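# model this:
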Amino acid sequence: MADPMNIGTIFIEEGTPSPSSLKFESEPYSNGWRSVKNLNGCELDRRLRAVGWNLFSLAQIKASVVGFNREKAVRRAVKRVLAKVTSDDLNALEIGQVAVKRFLGLTYVAVSAYARHLQESMFLLHNKRLAERNQARLVYSRADRGG
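Predicted structure coming up:
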């Protein structure tokens, strides 16, 4: 299966809550991630904001891969980027650039993407995990001050 990877392609982690009024087509891509088929990043952001949800844009993430097959190399590079997003507890990714070059019979693929996070709250990562982390920091800072 050839992956048509375009600028603006959005990936959303499976199980990510979304507004019931927002309908979009998606298909499985890799290990718990789905590729959104009928919306790019700008259009998804616009539709989410219209119903009071947010799609935060965060850090740029890059990955590169060398291989023999173009499609497989692109897929591996995107999987590497998705792994980095997962490790940061974020639930979406937008492809910014896919550069494919050939040298001595090998394909070199560089993928640049933007970590995104879809949620209802206007406060980034406003959830139980963040509250627990902030509580731990507060306890630690009080211990440092002797209080």
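
# where does the protein dip in pLDDT?
1-4, 125-147 (pLDDT under 70).

# any chance you could map the strands in it?
10-13, 26-30, 33-36, 54-67, 92-103, 106-119 (DSSP state E).

# Format these as TSV; extra columns: distance to Thr86.
Using the backbone N, CA and C atoms, a C-beta is placed for each residue, glycine as well. Formatted as TSV, the strands of the chain follow (distance: least, CB to CB, whole Å):
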stretch	distance to Thr86
strand 10-13	7
strand 26-30	10
strand 33-36	8
strand 54-67	11
strand 92-103	9
strand 106-119	10
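
# With respect to burial, which of these scores highest?
strand 10-13 (a mean of 22; mean count of other CB atoms under 10 Å).

# Residues in contact with that one: which ones?
18, 26, 29, 32-36, 39-41, 44, 78, 82, 86, 91-95, 116, 118 (CB atoms under 8 Å, 6 or more residues apart in numbering).

# Output it as PDB - backbone C-alpha positions only.
Below are the C-alpha coordinates for strand 10-13, written out as PDB (Å, rounded to 0.1, in the frame of the first residue of the first chain):
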ATOM      1  CA  ILE A  10      -3.200  14.800  10.400                       C
ATOM      2  CA  PHE A  11      -2.700  11.700  12.600                       C
ATOM      3  CA  ILE A  12      -4.900  11.300  15.700                       C
ATOM      4  CA  GLU A  13      -4.200   8.700  18.500                       C
END
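
# From the centroid of the protein, which residue is nearest?
Leu93 (2.2 Å; CA atoms, centre = their mean).

# so who does it touch?
Contacts of Leu93 (CB under 8 Å, 6+ apart): 10-11, 33, 61, 81-82, 85, 113-116.
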